[in-house]
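Chemist: when you get a sec, could you give me coordinates for this:
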Amino acid sequence: MNTVNTIPSLDLNDFISNNTEKKLNFVQELGKAYEEVGFLSLKNYGLTNEIEQELYKEVYHFFNLPVEIKSKYEKPELNGQRGYVSFGKEKAKGYKKSDLKEFWHFGQELEENDPLVNEYEPNVFCDELPNFNKIGRHVFNSL
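Modeler: Down below sits the predicted model:
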């Protein structure tokens with residue numbers, strides 16, 4: 001079993017550098033991390049501490065809303081690709097038990113003239129927390 005000491009840590013600056021060897025090593029280590037561990041720690045991914053704090057504050061506010069309010073943003077027809085997905089709705093591939101999580105998904109936004117515009121559902125927005133929408137979209141676009 002893997003422990004915290006074995007979680008791979010990568011630096012995105014290696015991938016975006018002009019150093020071909022660093023880029024190649026980053027890609028190889030990324031693939032290895034997902035194959036062997038399933039996740040990794042990533043440094044220098046483009047968010048400031050201020051943006052992260054604002055995001056955490058707004059996420060906290062959303063997930064502390066009453067279930068009745070959060071539920072109005074759950075769109076089963078979107079299969080979890082936009083908006084809210086309530087606790088226990090998602091299952092890992094090949095498992096019968098539900099994951100112990102709830103989540104929100106912001107997605108890509110395309111211009112009306114983009115040839116792929118009909119391939120993506122529009123984002124769902126939380127009426128009660130306009131800053132949640134603003135920071136969530138900002139972070140999605142940044143990442």
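
Chemist: what distance do you get for Tyr45 to Gly94?
Modeler: Separation of Tyr45 from Gly94 (CB to CB, to the nearest Å) stands at 29 Å. All C-beta atoms are positioned from the backbone trio N, CA, C, and that covers glycine.

Chemist: hang on, I meant Tyr34
Modeler: Here the criterion is CB to CB. By it, Tyr34 lies 16 Å from Gly94.

Chemist: with neighbour numbers in mind, choose between those two.
Modeler: Taking neighbours as other CB atoms under 10 Å, Tyr34 and Gly94 compare with Tyr34 leading, 12 against 5.

Chemist: quick one, grab the pLDDT at that one.
Modeler: pLDDT, Tyr34: 93.

Chemist: okay, now the closest residue to it other than its chain neighbours: neighbour count?
Modeler: Once flanking residues are discounted, Tyr34 sits nearest to Leu40: 7.5 Å by CB to CB, 6 or more residues apart in numbering. Residues contacting Leu40 under the criterion other CB under 10 Å number 15.

Chemist: secondary structure element for Gly88?
Modeler: Assessed by DSSP states H and E, Gly88 sits outside every helix and strand.

Chemist: whoops, Trp104 was the one
Modeler: strand 103-105.

Chemist: quick check: mean pLDDT across the helix or strand that that strand is followed by?
Modeler: Counting by DSSP H and E, the element after strand 103-105 in chain order, helix or strand, is helix 130-142. For helix 130-142, mean pLDDT is 96.

Chemist: packing partners for helix 130-142?
Modeler: Packed against helix 130-142, as judged by 3 or more CB pairs under 8 Å, 6 or more residues apart in numbering; DSSP states H and E, are the following elements: helix 49-63.

Chemist: residues in contact with whichever helix or strand comes after the helix it packs on: which ones?
Modeler: Using DSSP H and E, the helix or strand that follows helix 49-63 in sequence is helix 67-71. Contact with helix 67-71 is made by 62-63, 84, 86, 102, 128, as judged by CB atoms under 8 Å, 6 or more residues apart in numbering.

Chemist: in PyMOL, select just the buried ones from those residues.
Modeler: The buried residues among the contacts of helix 67-71 can be selected in PyMOL (16 or more other CB atoms under 10 Å) with this line:
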select buried, resi 62+84+102
